[in-house]
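Trainee: Structure for the following, please:
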Amino acid sequence: MRSGFAFTKFADRLASIVELSPEDLDLLAKMPATIGHFASHDTIARRGERPTSCCLLLQGYLCWMVESESGQQITSIHVPGDMPDLQNLPAPQLQYDLVALGPVVVAFVPHAFFRELNASSPRLSRALSLLALADVSCLRNWIFNLGTRDALARVAHLLCELTVRLRVVGLAKDFTFASPFTQSDLAAACAISAVHANRTIQELRRRSLVQWHSKTIAVADWAGLVQLARFRPDYLGLRDPSMLDGPQTGQFAAQLSA
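Mentor: Predicted coordinates for the structure are as follows:
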């Protein structure tokens, strides 16, 4: 994407779903936004609010979080280029809390911009609709992951998904990325205890599948991690897995398509 374009990751994510024209990119470049900076575990948007803008993630990680008497449950994790609350355009009242996993930078884009975009660019309108549907598909897969896999496979599947989604927007090209998790966050995402999360991380290390440091995750054996998780990326809505560039492009794309 063009150098200096503030919302490159968003354009990259949309382009992974639908081929964009130069005119589409020009429209995105005119996107009005207010930039916000938040600390780890800050709440960006709260349940019950009726926001008039969508939250575009520029840097860091966000999650949807549900609070209950028994603790917290993370129901999705979002990477740069994602717009987690896009589905709230037609129904703006929030059902859950949108929370920062680590420091984040976000852009708040008025709902009115997307309504105008729907009228001016059918291709971008379709891309936004498919992006919202991909979020729904991810949620269904998340439920399946928690309901059918053991803790080790749950964590492996989550890492596979994050790796692919980050590579789509030009991050994790070397299969290494900044870790969004504390052990409590990982536990909340995978419906396990913090102690079990720690043991799971140690087991992934023991199997030489990942190198997991406090702030960095490196996938050491992508094929092994995919096999453990039984990961298939079709639910992510990518139009072409070969779009995932990087030093291991051919092997990576072939493994995704297998």
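Trainee: out of all of them, which strand in this protein is the longest?
Mentor: strand 53-68 (DSSP state E).
Trainee: can you give me the strands for this protein?
Mentor: Secondary structure of the chain by DSSP E: the strands cover 34-38, 43-45, 53-68, 71-78, 97-110, 176-178, 210-212, 216-219.
Trainee: Kindly reformat those as TSV containing mean pLDDT, distance to Asp12 and mean neighbour count.
Mentor: C-beta coordinates here come from the backbone N, C-alpha and C atoms, glycine included. Formatted as TSV, the strands of the chain follow (pLDDT from 0 to 100; distance: least, Cβ to Cβ, whole Å; neighbours: other Cβ atoms under 10 Å):
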stretch	mean pLDDT	distance to Asp12	mean neighbour count
strand 34-38	95	19	13
strand 43-45	94	22	19
strand 53-68	92	12	20
strand 71-78	90	14	18
strand 97-110	95	15	20
strand 176-178	93	15	17
strand 210-212	93	25	19
strand 216-219	95	20	18
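Trainee: so what strands line up beside the longest strand of the chain?
Mentor: Looking at strand 53-68 with DSSP bridges, its paired strands and their directions are strand 71-78 (antiparallel), strand 97-110 (antiparallel).
Trainee: Low-confidence bits of the stretch 101-250 of the chain, can you list those?
Mentor: The stretch 101-250 of the chain contains residues with pLDDT under 70 at 240-250.
Trainee: make it 50
Mentor: Counting by pLDDT under 50, the stretch 101-250 of the chain contains low-confidence ranges at 243-250.
Trainee: rewinding a little: just want the angle from the longest strand of the chain to strand 34-38.
Mentor: Strand 53-68 and strand 34-38 meet at an angle of 30 degrees, taking axes from the mean of the first three to the mean of the last three Cα atoms, to 10 degrees as the criterion.
Trainee: can you pull the contacts of the closest residue to Val155 other than its chain neighbours?
Mentor: Across the structure, with Cβ to Cβ, 6 or more residues apart in numbering as the measure, the residue nearest Val155 apart from its sequence neighbours is Thr200 (5.0 Å). Applying Cβ atoms under 8 Å, 6 or more residues apart in numbering, one finds that Thr200 lies in contact with Ala151, Leu152, Val155, Leu186, Cys190, Ile192.
Trainee: can you do 6 Å?
Mentor: Under the criterion of Cβ atoms under 6 Å, 6 or more residues apart in numbering, the contact partners of Thr200 comprise Ala151, Leu152, Val155.
Trainee: Top of those by number of neighbours, please.
Mentor: Highest neighbour count within the contacts of Thr200, by other Cβ atoms under 10 Å: Val155, with 30 neighbours.
Trainee: one step back: of all the strands paired with strand 53-68, which lies closest to Arg123?
Mentor: Using Cβ to Cβ as the criterion, the shortest distance between Arg123 and those is 18.2 Å, found for strand 97-110.
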